[in-house]
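In: Please work out how this folds:
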Amino acid sequence: MDDRGRLKFTDFSLDRGSTGLCRARVVLSWPQSTPYVGEAAGLSSQAGEMRCAAQACLAAIALAMPEVGFELVGVKAVRAFDATVVIASLATQGRLDGPRVVGSALVQDDAPRGAALAVLNATNRLLTGLIEPRR
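Out: So this is what the prediction gives:
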């Protein structure tokens with residue numbers, strides 16, 4: 001399979017502040033390019049941290065491919081088959097305007113990290129082999 005069209009999840013961090021806010025950082029990479037770092041801030045709650053992580057991933061994707069736009073519709077952790085699955089729903093804009101896409105990630109203890117992975121899984125389905133990243 002050709003890896004040109006697939007961003008890779010390189011690093012993730014989530015810092016919880018004492019003021020009830022959190023800050024997420026997602027690093028994505030592409031073969032033979034510099035890393036794309038996305039950051040976002042949000043409320044430090046289970047739902048807020050997942051949304052913050054998802055937004056950070058979208059920010060990194062926007063740096064890699066500014067001509068393609070995604071908007072976070074929602075992100076949710078659900079319990080299914082004795083496991084936690086995080087599901088992200090995205091609306092597309094720009095060059096891919098139209099369809100909504102959904103991605104998921106199986107998580108153990110880190111739902112925010114799973115939210116970032118779910119976003120990446122949703123976008124990579126559309127972007128694989130379609131667009132070259134900005135280098």
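In: pLDDT wise, what is the closest residue to residue 108 other than its chain neighbours at?
Out: Spatially, and ignoring its direct neighbours in sequence, residue 108 is nearest to residue 84 (7.3 Å; CB to CB, 6 or more residues apart in numbering). Quick note: C-beta positions are derived from backbone N, CA and C, even for glycine. Note on residue 84: pLDDT of 92.
In: Next up, identify which helix or strand residue 84 is on.
Out: strand 83-94 (DSSP states H and E).
In: That strand packs against which elements?
Out: helix 46-64, strand 68-80, strand 100-107, helix 111-127 (3 or more CB pairs under 8 Å, 6 or more residues apart in numbering; DSSP states H and E).
In: quick one: strands adjacent to that strand?
Out: As defined by DSSP bridges, the strand partners of strand 83-94 come to strand 68-80 (antiparallel), strand 100-107 (antiparallel).
In: Would you convert the ones you listed into CSV that also reports mean neighbour count?
Out: Shown next, in CSV, are these (neighbours: other CB atoms under 10 Å):
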stretch, mean neighbour count
strand 68-80, 16
strand 100-107, 17
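In: In PDB, list the C-alpha atoms belonging to stretch 72-87.
Out: C-alpha atoms of stretch 72-87 as PDB (Å, rounded to 0.1, in the frame of the first residue of the first chain):
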ATOM      1  CA  LEU A  72     -15.800  18.400  14.500                       C
ATOM      2  CA  VAL A  73     -19.500  17.500  14.800                       C
ATOM      3  CA  GLY A  74     -19.000  15.500  18.000                       C
ATOM      4  CA  VAL A  75     -16.900  13.000  19.900                       C
ATOM      5  CA  LYS A  76     -18.100  10.400  22.300                       C
ATOM      6  CA  ALA A  77     -16.900   7.400  24.300                       C
ATOM      7  CA  VAL A  78     -19.200   4.400  24.300                       C
ATOM      8  CA  ARG A  79     -18.900   1.000  26.000                       C
ATOM      9  CA  ALA A  80     -19.300  -1.900  23.600                       C
ATOM     10  CA  PHE A  81     -18.300  -5.600  23.800                       C
ATOM     11  CA  ASP A  82     -16.500  -5.100  27.100                       C
ATOM     12  CA  ALA A  83     -14.300  -2.300  25.700                       C
ATOM     13  CA  THR A  84     -14.400   1.500  25.400                       C
ATOM     14  CA  VAL A  85     -14.600   2.900  21.800                       C
ATOM     15  CA  VAL A  86     -14.300   6.600  21.100                       C
ATOM     16  CA  ILE A  87     -16.200   7.700  18.000                       C
END
